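S.K.: Got a predicted structure plus its sequence, pasted below:
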Amino acid sequence: MITNLVEYKQQYRESNLEPEEFWTKQASTLLWKKKWDRVLEFDFYKPEVKWFIGGKLNITENCIDRHLTARAHQTAILWESNDPSEPSRKITYQQLSVEVNRAANMLKANGIQKGDRVCIYMPMVPETAFALLACARVGAVHSVVFAGFSAGSLVDRINDSNCKMVLTADGAYRGDKRIDLKSIVDEALKKCPSVDKCIVLNRTNLSVSMQPVRDLWWHEEIRKTSDVCVAEEMDAEDLLFILYTSGSTGKPKGMVHTCGGYAVYTNYTFKNVFQYKEGQTFWCTADVGWITGHSYIIYGPLSAGATTLMFEGVPSWPDMGRFWHVIEKHKVNIFYTAPTAIRSLEKAPLSFVEKYDLSSLQVLGSVGEPINEEAWHWYDKNIGKGNCPIVDTWWQTETGGIMISPLAGITKTKPAFATLPLPGVQPAIMDEAGNEIEGNNVEGRLTIKFPWPSMARTIYGDHQRFKDTYFSTFPGKYFTGDGCKRDEDGYYRITGRVDDIIIVSGHNMGTAEIESAIDEHSAVCESAVVGFPHDIKGQGVYAFVVTYDPVHEPIHLRNEIKDVVSKIIGPIAKPDKIQFVSGLPKTRSGKIMRRILRKVAEGETSNLGDTTTLLDPAIVEEIKKGAIS
Ligand code: WTA
């Protein structure tokens with residue numbers, strides 16, 4: 001583990017000069033069933049990347065079995081319910097072993113074999129962690145779908161990877177709401193021919209319809225199983241999971257992560273970035289449905305033998321003090337959350353924070369979107385009390401683990417800067433012509449020019465799209481889709497997406513996907529969606545909508561459009577603002593000039609740049625006048 005800045009610099013240098021030796025050392029701290037023959041083979045033009053070739057392991061032996069001698073009775077998963085009056089659950093490593101082995105046997109008994117895809121659509125309860133690990137234990141590929149997505153989104157994801165099984169629950173609690181997960185799954189499964197089994201956890205005692213043969217209760221199935229399931233021997237490059245992320249065009253992309261490199265990198269980054277010390281309690285507030293939950297609720301912390309806190313609820317319920325209450329109650333040492341949560345809690349009276357003893361905190365983290373300076377300072381002062389280093393961690397679903405970040409207490413932080421690349425990460429800033437911009441005080445597009453172990457290997461079923469999206473803009477380099485600056489100290493500041501992806505409350509959304517949902521409304525002829533700066537969400541969704549007929553009841557139609565989007569994608573994609581327009585600004589070749597729409601959405605109406613190439617410049621005047629502030 002890195003313990004000071006000199007060591008960081010040494011490791012960084014070594015990782016650049018001798019990457020194979022460097023990663024050999026890191027990988028050797030894990031448990032392998034068979035050592036690898038070669039460390040790395042790659043070609044960023046093809047693209048193809050393989051790490052720890054010939055190595056065999058099972059990630060669950062690293063997350064569970066190898067801890068059973070030293071920390072069988074230590075809490076592995078500490079679970080806090082949505083309802084503060086429901087007792088929390090403490091699952092020791094010993095119990096985790098029993099639960100995961102049983103769940104693994106449950107999968108096998110229901111026909112799941114190595115390589116099969118299993119969709120997990122579940123609430124934030126320990127059984128969800130067991131479900132992921134059970135898949136990994138038997139070598140099945142999990143595909144977790146965030147339980148806030150609609151039936152339609154679930155259908156797309158299940159069918160894209162032909163999942164054989166769905167693991168779900170009757171319902172999920174979220175603050176004062178209860179979501180009927182099973183009925184969403186029932187609707188989805190009408191269109192998913194590959195699924196032959198659906199196992200349902202009883203979380204909310206909802207009465208649900210169970211389709212004979214297909215649907216089974218978790219508690220009944222688990223009762224029949226033994227608690228011994230030999231971990232499948234996985235090749236380092238076998239698939240561990242698929243996780244969908246929005247693309248700037250077309251349907252979501254199933255990012256493929258493999259067993260060996262992902263295990264090594266999540267373990268390494270968890271320990272070093274957060275400077276995790278034996279016995280600490282770590283709380284990442286993300287949902288397991290996102291990559292942050294995969295890497296830093298489950299795999300990173302458990303492989304390091306940490307106590308990982310899993311929270312079912314939301315920051316605002318029963319009141320705006322819930323996070324701080326949980327920190328006090330469980331004496332959380334490391335707290336990792338998203339800027340959008342910080343901004344919403346910052347708006348609440350400070351008394352919600354002051355009520356609680358936060359003195360257990362030692363390290364704070366931020367992830368998912370750029371953190372603005374004001375939120376950074378509020379977090380530092382009121383939550384960290386000026387004593388906790390903040391690690392602003394930049395990374396992506398595609399990168400599998402943290403890429404650019406301070407090391408807690410080691411790297412000098414700077415508000416809104418993700419600071420320096422971790423060892424093994426070689427960023428390059430590019431100009432639009434495709435040249436690398438060297439030196440400091442520069443700005444451009446962020447690429448990575450050398451492989452790291454946990455990078456996605458492909459898009460499931462569409463390697464060409466993987467190449468087109470990530471390796472074609474700057475041939476020979478991985479393109480992140482983000483813009484960034486490097487300042488006079490060589491520190492990186494991520495400025496946001498440079499493609500048609502917007503990040504709303506930390507969730508990536510393709511504007512094309514929202515547009516096609518809006519267009520499903522029968523009154524809508526076409527639409528264009530852009531992001532706009534939003535106080536709490538970071539970015540909000542602004543939709544320009546062209547209807548077939550004049551709009552007589554705009555409020556009514558707006559609500560209908562929001563409902564359609566909610567139904568097709570999920571409530572997180574609902575537009576915040578909908579402006580009805582008679583046409584969209586298009587070039588003569590028919591391309592929508594999003595640049596203009598973005599400016600209007602940002603409230604800028606004077607300097608819209610060059611509009612001479614527009615087919616109908618008059619439309620811009622109309623759009624400006626009707627802009628929603
Ligand atoms: C953005 C989440 C600035 C970025 C782990 C990236 C950030 C996208 C940061 C990936 C950060 C993530 N500072 N921007 N610390 N972290 N991003 O796939 O635009 O949900 O490309 O992965 O979030 O989002 P994803």
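M.R.: Alright, I've got the coordinates. What you are looking at is a predicted structure, and each value in this text was computed from that prediction instead of being measured.

S.K.: How about the contacts made by the residue in the stretch 101-250 of the chain positioned nearest to the ligand?
M.R.: Across the stretch 101-250 of the chain, the shortest distance to the ligand (Cβ to the nearest ligand atom) belongs to residue 245, at 5.1 Å. (Each C-beta comes from the backbone N, C-alpha and C, glycine too.) For residue 245, the residues meeting the contact criterion (Cβ atoms under 8 Å, 6 or more residues apart in numbering) are 252-253, 255, 291, 396-398, 508.

S.K.: Check those residues and tell me the two furthest apart.
M.R.: Greatest spatial distance among the contacts of residue 245 (Cβ to Cβ): 252 and 396, at 14.0 Å.

S.K.: Of those two, give the one with the bigger neighbour count.
M.R.: Between residue 252 and residue 396, residue 252 has the larger neighbour count (other Cβ atoms under 10 Å), namely 22 against 19.

S.K.: Next, find the distance separating residue 107 from residue 165.
M.R.: From residue 107 over to residue 165 the distance is 7 Å, taken as Cβ to Cβ, to the nearest Å.

S.K.: picking that back up, what's the nearest residue to the residue of the stretch 101-250 of the chain closest to the ligand if we skip its chain neighbours?
M.R.: Ranked by Cβ to Cβ, 6 or more residues apart in numbering and with sequence neighbours excluded, the top spatial neighbour of residue 245 is residue 397, at 4.1 Å.

S.K.: Next, give phi and psi for that neighbour.
M.R.: In this entry, residue 397 is assigned phi and psi values of phi -50, psi -40 (degrees, to the nearest 10).

S.K.: how close does it get to the ligand?
M.R.: Separation of residue 397 from the ligand (Cβ to the nearest ligand atom, to the nearest Å) stands at 3 Å.

S.K.: Would you confirm that that residue contacts residue 289?
M.R.: No: because the distance of 11.1 Å does not satisfy Cβ atoms under 8 Å, residue 397 is recorded as not touching residue 289.

S.K.: Compare the two (neighbour count), which wins?
M.R.: residue 289 (23 against 19).

S.K.: Could you count how many residues lie near the closest residue to the more buried one other than its chain neighbours?
M.R.: Taking Cβ to Cβ, 6+ apart as the measure, residue 289 lies nearest to residue 146, with 2.9 Å between them; neighbours along the chain are not counted. Neighbour count of residue 146, defined by other Cβ under 10 Å: 20.

S.K.: need the contact list for residue 146.
M.R.: Counting by Cβ under 8 Å, 6+ apart, residue 146 touches 287, 289-290, 570.

S.K.: Redo these as a markdown table? Include secondary structure, distance to residue 375 and pLDDT.
M.R.: Below are these laid out as a markdown table (DSSP: H, G, I helix; E, B strand; the rest coil; distance: Cβ to Cβ, whole Å; pLDDT from 0 to 100):
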| residue | secondary structure | distance to residue 375 | pLDDT |
| --- | --- | --- | --- |
| 287 | coil | 20 | 97 |
| 289 | coil | 24 | 96 |
| 290 | coil | 20 | 96 |
| 570 | coil | 25 | 93 |
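
S.K.: near the ligand, which of these show up?
M.R.: Checking the contacts of residue 146 against the ligand by Cβ under 6 Å from any ligand atom, the ones in range are residue 290.

S.K.: From the contacts of residue 146, pick the one nearest residue 186.
M.R.: Distance from residue 186 was checked for each of the contacts of residue 146 by Cβ to Cβ. The minimum falls on residue 570, at 16.8 Å.

S.K.: pretty sure residue 116 contacts residue 165?
M.R.: Yes: with contact defined as Cβ under 8 Å, residue 116 and residue 165 form a contacting pair (7.4 Å).

S.K.: if you count what's nearby, which of the two comes out ahead?
M.R.: Between residue 116 and residue 165, residue 165 has the larger neighbour count (other Cβ under 10 Å), namely 24 against 18.

S.K.: hang on, isn't that one packed against residue 106?
M.R.: No: proximity of residue 165 to residue 106 does not meet the contact threshold set by Cβ under 8 Å, at 10.2 Å.

S.K.: Residue numbers of the stretch 201-350 of the chain in contact with the ligand?
M.R.: With Cβ under 6 Å from any ligand atom as the criterion, the stretch 201-350 of the chain comes near the ligand at residues 245, 290-292.

S.K.: Out of these, who's the most crowded?
M.R.: Highest neighbour count within these: residue 291, with 26 neighbours (other Cβ under 10 Å).

S.K.: contacting residues for that one?
M.R.: Taking Cβ under 8 Å, 6+ apart as the definition of contact, the neighbours of residue 291 are 243, 245, 395-397, 400.

S.K.: Which ones among the residues you listed lie within strands?
M.R.: When strands are assigned by DSSP state E, the members of these inside them are 243, 245.

S.K.: which one of the contacts of residue 291 sits closest to residue 414?
M.R.: Each of the contacts of residue 291 was checked against residue 414 using Cβ to Cβ; the closest is residue 395, at 18.3 Å.

S.K.: Is residue 325 in contact with residue 353, as I believe?
M.R.: No: at 10.2 Å, residue 325 does not count as touching residue 353 under the criterion of Cβ under 8 Å.

S.K.: Comparing these two, which residue is more hemmed in?
M.R.: In this comparison of residue 325 against residue 353, neighbours counted by other Cβ under 10 Å, the higher total goes to residue 353 at 19 against 16.

S.K.: separation between that one and the ligand?
M.R.: Here residue 353 is placed at a distance of 23 Å from the ligand (Cβ to the nearest ligand atom).

S.K.: Just the pLDDT for that residue.
M.R.: On the pLDDT scale, residue 353 is placed at 98.

S.K.: Surely it is in a helix?
M.R.: Yes: assessed by DSSP: H, G, I helix; E, B strand; the rest coil, residue 353 belongs to a helix.

S.K.: gap between the two ends of stretch 338-354?
M.R.: Taking Cα to Cα, to the nearest Å, stretch 338-354 runs 21 Å from one end to the other.

S.K.: Flag every buried residue along that stretch.
M.R.: Applying a neighbour-count criterion of 16 or more other Cβ atoms under 10 Å, one finds 338-346, 352-353 buried in stretch 338-354.

S.K.: Switch the contacts of residue 245 over to a markdown table; also include distance to residue 464.
M.R.: Compiled in a markdown table, the contacts of residue 245 are given as follows (distance: Cβ to Cβ, whole Å):
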| residue | distance to residue 464 |
| --- | --- |
| 252 | 16 |
| 253 | 12 |
| 255 | 15 |
| 291 | 23 |
| 396 | 20 |
| 397 | 19 |
| 398 | 16 |
| 508 | 21 |
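
S.K.: State the number of residues packed around the residue of the stretch 401-550 of the chain at minimum distance from the ligand.
M.R.: Of the residues in the stretch 401-550 of the chain, the one nearest the ligand is residue 494, at a distance of 3.6 Å by Cβ to the nearest ligand atom. For residue 494, the tally of surrounding residues (other Cβ under 10 Å) stands at 21.

S.K.: any residues touching the host helix or strand of it, and which ones?
M.R.: Secondary structure here is read from DSSP states H and E; on that basis residue 494 sits in strand 492-497. The contact list for strand 492-497 (Cβ under 8 Å, 6+ apart) reads 369-370, 394, 404, 416-421, 427, 443, 446, 481-487, 503.

S.K.: Mind listing the shared neighbours of residue 107 and residue 165?
M.R.: Between them, residue 107 and residue 165 have residue 118 as joint contacts when contacts are counted by Cβ under 8 Å, 6+ apart.

S.K.: Looking at the contacts of residue 146, which is nearest the ligand?
M.R.: Sorting the contacts of residue 146 by how near they are to the ligand, with Cβ to the nearest ligand atom, puts residue 290 at the top with 5.7 Å.

S.K.: Okay, the closest one and residue 456: tell me how far apart.
M.R.: If you measure residue 290 against residue 456 using Cβ to Cβ, the figure is 14 Å.

S.K.: Same question for residue 205.
M.R.: Taking Cβ to Cβ as the measure, residue 205 falls 39 Å from residue 456.

S.K.: more crowded one of the two?
M.R.: Under the neighbour definition other Cβ under 10 Å, residue 205 and residue 456 were set side by side, and residue 456 has more, 26 against 8.
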